[in-house]
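**Student:** Fold the following for me, if possible:
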Amino acid sequence: GFMSKTKKLLEVVCHNCGKILADESTPEMAEACRYRDPKKRFNAIWTICKKKTICENTVMGDDDNMDKLKEPKHDHGGCGNPPAPKIRREGLKLTGTWKAEKRDDEND
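**Tutor:** Predicted coordinates for the structure are as follows:
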């Protein structure tokens, strides 16, 4: 019902910027968006996004200008925020658990 849809919705969006975790330009996402039935479309998008843990942002590579002209890349516009929380449902309560970030500078 309502709580399971809410849980799935929380798993689909970034908790920092509010964007959908999956990039809309991927073929899987384009196929999922073609469904006319809203329930099937939502489930297809959720299936793609449940594998994602990081909000993808634009990666600036060392490509020269010629490569950029040949293949324009779609900008997802995400924030690059670290892993999304693990959402758990307990009755009428939803809880999010974030994993602790591993830092390299702890030894200093």
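
**Student:** So which helix or strand of this structure has the lowest pLDDT on average?
**Tutor:** Across the helices and strands of the chain, the lowest-confidence element by mean pLDDT, DSSP states H and E is helix 65-70, at a mean of 48.

**Student:** Quick check: which ranges of the protein have low pLDDT?
**Tutor:** Across the chain, residues meeting the criterion (pLDDT under 70) sit at 58-77, 102-108.

**Student:** Just the helices from it, written as ranges.
**Tutor:** Secondary structure of the chain by DSSP state H: the helices cover 2-12, 27-33, 38-49, 65-70.

**Student:** Against L9, how distant is F42?
**Tutor:** Counting by Cβ to Cβ, to the nearest Å, the gap from F42 to L9 is 8 Å. Glycine gets a C-beta too; all of them are placed from N, C-alpha and C.

**Student:** These two: which has the busier surroundings?
**Tutor:** Neighbours of F42 and L9, each counted by other Cβ atoms under 10 Å, are more numerous for F42; the result is 16 against 13.

**Student:** To K86, which of the helices of the chain lies closest?
**Tutor:** Distances from K86 to each of the helices of the chain were compared using Cβ to Cβ; the minimum, 9.1 Å, belongs to helix 2-12.
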